[in-house]
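Q: here is a sequence with its predicted model. Questions after.
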Protein chains: 2
Amino acid sequence: MKIAVVGLGLIGGSICKALKKNTFHYIMGIDNDESVTEKALEYGAVDEIITPEGLKDADMTMICLYPEAIVEFVNQHKDKFKAGSIVTDSCGVKEYVVTRCTKVLEPLGVIFVGSHPMAGREFSGFDYSTDDLFVGASYIVTPSENTPKMAIDLLATLACCMGFGKVVTATPKQHDINIAFTSQLAHVVSNAYVKSPSLFNADGFSAGSFLDLTRVAKLNEYMWSSLFLCNKEALLFELNSIIDSLNEYKTAIENDDIDTLREILKVGRERKEKSLEIYAEHNGKKANNA
Amino acid sequence: MKIAVVGLGLIGGSICKALKKNTFHYIMGIDNDESVTEKALEYGAVDEIITPEGLKDADMTMICLYPEAIVEFVNQHKDKFKAGSIVTDSCGVKEYVVTRCTKVLEPLGVIFVGSHPMAGREFSGFDYSTDDLFVGASYIVTPSENTPKMAIDLLATLACCMGFGKVVTATPKQHDINIAFTSQLAHVVSNAYVKSPSLFNADGFSAGSFLDLTRVAKLNEYMWSSLFLCNKEALLFELNSIIDSLNEYKTAIENDDIDTLREILKVGRERKEKSLEIYAEHNGKKANNA
């Protein structure tokens, strides 16, 4: 089949490379930056560079842009997609994108299905894309009520080809709630952590816990500010939750209340242990079914 | 020389094993738990198990207990330490321990020097101790004004024998300020993170950032509640700092203020990048001097 990939950055570029390496599909690339499209052709990441007019030949279009730009692209080029073809994306928020794109494309007989390859690097752009970026990662698909089963199966199968370790199906809303907790909050907290005036005095004192907590502070502020605002409600819920929790520890410490402090630390430890058990059990089951 | 190690848990046990493996010193162990002292003898981690009366023969005593228990032990057995000998500890707060122990021991001609081997595991007890727990880790020494230079040199040299990668000297107060930021805050934040109601729904969505942020949530609440309360002031400063920062992101998101949001994320990213540079430069210099 013919697959168009829109946006040949880290994710789009890696999708092209992974598809070229692991499938026989014909890959068509679109990018505004000519230096990027040249590199993609030269590398062999795409078979052809097309203009949006070329989308009429694509059986599937994967739009790898920031959330707002995905919606804008779909609106601008809605009449160019082939009827019956699948359009998907790769960004980290789904309700915002899925509702807007489905509204535009469904009446035209084009199937929009949100998806989120949960992979990344601390660098952006085609130069950092690799054909193994997705190996072992989770591929989240967020179908709507009207999404044909076969479209989901096709995306999941392509994900297998690209090396993903797991395909998870969720509603757009559930995706956003989960991602606010597991990814967005982690980036906010990590970025907030390094705001302490102590940061530049602590060399020699930085053990593993500090490095773990602050690894993702080095983020792309253009991408993440966009993702945060497109998932405002769920992220604010998580931010309020952790601020409330932190205030509990703070109050216990202020009051020298060792019993409460020990109890809330114990609850945290037990929750972490339980989550590790659940995840291990789930992964074990999946492994047994594989 | 003769070294007494008091408390044969994870740290005390690992010190014994590392010293036996890498030095010719005579190691004497003290522990209340007979099953532990038997194991330590059987393993060959100590040459002898002694009662506190045996401390009179020790050229150095390393007390590997929780902060309050260190102070209690020193008070209870102050008359048993040999005059001119060195007494040190291994706990994660220094001002609390150093001021109290120095006050008791200095008049008796016993040299107390605080120290903090920055290593650990998520398990406690002698059974988990290893002879390579400290390999590559930082050994922090916190001398006072009156600490003889030779005592610091001796501790630093023993740290080299035990495999530490770096010896850092700091005042007890500076140690506590730094450790509140790099270690204690990380444990509080990680433990607070898993309090979200979303925790048990997010399987399949847990990427590296989530795992990094929550790794140390699995902590020993008895040890950490003690450490936190013995370093109240510095830890509260860090907690207030991160809560204030988190509230800034929250406000920007609530107001859909993408400019502010992007700016505060950028500041965080730049601070993280700068800290990585400083640490790399420092480590490079150290490597060149080695």
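A: Sure, I can see it. Residues are numbered from 1 along each chain as shown, chains lettered A, B, ... in the order given.
Q: tell me the helices and strands packed up against the lowest-mean-pLDDT helix or strand in chain A.
A: Every helix and strand of chain A was ranked by mean pLDDT, DSSP states H and E. The lowest is helix A:258-289, at a mean of 84. Judged by 3 or more C-beta pairs under 8 Å, 6 or more residues apart in numbering or on different chains; DSSP states H and E, helix A:258-289 is in contact with helix A:232-254, helix B:185-193, helix B:221-229. No exception for glycine: its C-beta is placed from N, CA and C like everyone else's.
Q: so which elements touch the longest one?
A: With contacts defined as 3+ C-beta pairs under 8 Å, 6+ apart, helix A:232-254 has these neighbours: helix A:172-179, helix A:185-193, helix A:258-289, helix B:185-193, helix B:221-229, helix B:232-254.
Q: need the ones you listed in TSV (columns: distance to residue B:214).
A: As requested, the helices and strands packed on helix A:232-254 are exported to TSV (distance: least, C-beta to C-beta, whole Å):
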stretch	distance to residue B:214
helix A:172-179	14
helix A:185-193	9
helix A:258-289	6
helix B:185-193	5
helix B:221-229	15
helix B:232-254	16
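Q: can you lay out those helices as a markdown table showing mean neighbour count and distance to residue A:155?
A: What follows is the helices and strands packed on helix A:232-254, written out as a markdown table (neighbours: other C-beta atoms under 10 Å in any protein chain shown; distance: least, C-beta to C-beta, whole Å):
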| stretch | mean neighbour count | distance to residue A:155 |
| --- | --- | --- |
| helix A:172-179 | 23 | 14 |
| helix A:185-193 | 26 | 26 |
| helix A:258-289 | 15 | 18 |
| helix B:185-193 | 26 | 31 |
| helix B:221-229 | 21 | 44 |
| helix B:232-254 | 18 | 31 |
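Q: of all those, which one is nearest residue B:39?
A: Of all the helices and strands packed on helix A:232-254, helix B:221-229 sits nearest to residue B:39, with 20.7 Å by C-beta to C-beta.
Q: so the least confident helix or strand of chain A versus helix A:232-254, what angle?
A: Interaxial angle of helix A:258-289 relative to helix A:232-254 (axes from the mean of the first three to the mean of the last three C-alpha atoms, to 10 degrees): 140 degrees.
Q: ranges for the helices of the stretch 51-200 of chain A?
A: Using DSSP state H, counting those that start in this stretch, the helices of the stretch 51-200 of chain A run over A:67-77, A:95-105, A:149-161, A:172-179, A:185-193.
Q: quick one: mean pLDDT over the shortest one.
A: Right, helix A:172-179. Over the span of helix A:172-179, the pLDDT mean works out to 96.
Q: who's in contact with that helix?
A: A:92-99, A:114, A:116, A:140, A:142, A:144, A:170, A:231, A:234, A:237, B:198, B:201-202, B:205 (C-beta atoms under 8 Å, 6 or more residues apart in numbering or on different chains).
Q: repeat that for stretch A:258-272.
A: Residues contacting stretch A:258-272 (C-beta under 8 Å, 6+ apart): A:245, A:248-249, A:252-253, B:190-192, B:194-195, B:199, B:214, B:217-222, B:224-226, B:228-229.
Q: next one: stretch A:219-227
A: A:66-68, A:91-93, A:122, A:124, A:184, A:187, A:190-191, B:258, B:261-263, B:265-266, B:268-269.
Q: wait, which of the helices of the stretch 51-200 of chain A is closest to residue A:84?
A: So among these, helix A:149-161 is nearest, using C-beta to C-beta, at 10.0 Å.
Q: and that closest one, anywhere near chain B?
A: No. Using C-beta under 8 Å from any C-beta of the partner chain, helix A:149-161 never reaches chain B; the gap is at least 12.7 Å.
Q: what are the buried residues along that helix?
A: A:151-152, A:154-156, A:158-159 (16 or more other C-beta atoms under 10 Å in any protein chain shown).
Q: now pLDDT too, for those, in CSV please.
A: Output for those, formatted as CSV (pLDDT from 0 to 100):
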residue, pLDDT
A:151, 96
A:152, 96
A:154, 96
A:155, 97
A:156, 96
A:158, 96
A:159, 96
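Q: surely residue A:232 meets residue B:256?
A: Yes. The pair residue A:232 and residue B:256 qualifies as a contact (C-beta atoms under 8 Å) at a distance of 7.4 Å.
Q: neighbours of residue A:46, how many?
A: 27 (other C-beta atoms under 10 Å in any protein chain shown).
Q: now do it against residue A:81, distance only.
A: 18 Å (C-beta to C-beta, to the nearest Å).
Q: do residue A:227 as well
A: Distance from residue A:227 to residue A:81, by C-beta to C-beta: 25 Å.
Q: spell out the residue ranges of the strands in the stretch 1-150 of chain A.
A: For the stretch 1-150 of chain A, applying DSSP state E, counting those that start in this stretch gives strands covering A:2-6, A:26-30, A:48-49, A:60-63, A:86-89, A:111-117, A:138-142.
Q: buried residues, stretch A:56-70. List them.
A: Buried-residue list, stretch A:56-70, by 16+ other C-beta under 10 Å: A:58, A:60-67, A:69-70.
Q: so for residue A:163, which of the helices and strands packed on helix A:232-254 sits nearest?
A: Nearest of the helices and strands packed on helix A:232-254 (C-beta to C-beta): helix A:258-289, 16.0 Å.
Q: and residue A:26, what are its bridge partners?
A: residue A:2 (DSSP bridges).
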